[in-house]
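[1] attaching a predicted model along with its sequence, questions to come.
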Amino acid sequence: VESAKQYGLTPLQATALGGTALGFQMMVAVSCNPVLGYIIDRFGRAPMIILGLSLSTVGFIILGSVGNPFSKLVWLAVALIGASQASVTISSNALCADAAPKPLLGTVMGGKNTMAPIGTIIFLQVGGLLFDTVGPMSAFFMKALVNFLVFAWVVAVRKKVVMGEEFT
């Protein structure tokens, strides 16, 4: 909304475009879901988490690099982030369901699903602080950096600790 006038848009038009982009991201995520179960079973849970984190990192780097928030590259970035969201969510749910002791499955899934909104709140707060103090694009670079660090951690843990069926 702040840069709407700079790009010849009203604040209402800018808000509508932002909402449309988020809707598109969710549509991409939902449209990926039917295929992901098959792909996850074929290639494994950890490789799909790694792929999802990679896509998200690239998407957030694109968002942080785009000077015009209304450019066509934004649509590519949100598509990558949407596909990533579906991949990581479904893969991590499958991994938890496979790895958790069956009597504790509900507890493990509840803990996992409680941490996601807590992470969202933390990223919103830190991203907002960065947005206000450093600049609008800094929040996207922060998210890309965190996603890359988690990606590197998953790759390291997968190779060092649990090769094979426990973390695939």
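    Structure's in. What do you need? Numbering: from 1, shown residues only.

[2] low-confidence stretches in this protein?
    1-2, 160-168 (pLDDT under 70).

[3] quick check: longest helix of it.
    Identified as the longest helix of the chain according to DSSP state H is helix 11-43.

[4] which strands and helices lie in contact with that helix?
    helix 45-65, helix 72-99 (3 or more CB pairs under 8 Å, 6 or more residues apart in numbering; DSSP states H and E). All C-beta spots, glycine's among them, are computed from the backbone N, C-alpha and C.

[5] just the buried residues of it, please?
    Using 16 or more other CB atoms under 10 Å as the burial criterion, the residues of helix 11-43 that qualify are A14, L17, A21, Q25, V28, A29, C32, L36, I39, I40.

[6] who touches the most centrally placed residue in the chain in this structure?
    By CA atoms, centre = their mean, the chain has its centre lying nearest to Q85, at 4.4 Å. Contact analysis of Q85 by CB atoms under 8 Å, 6 or more residues apart in numbering lists Q25, A29, G52, S56.
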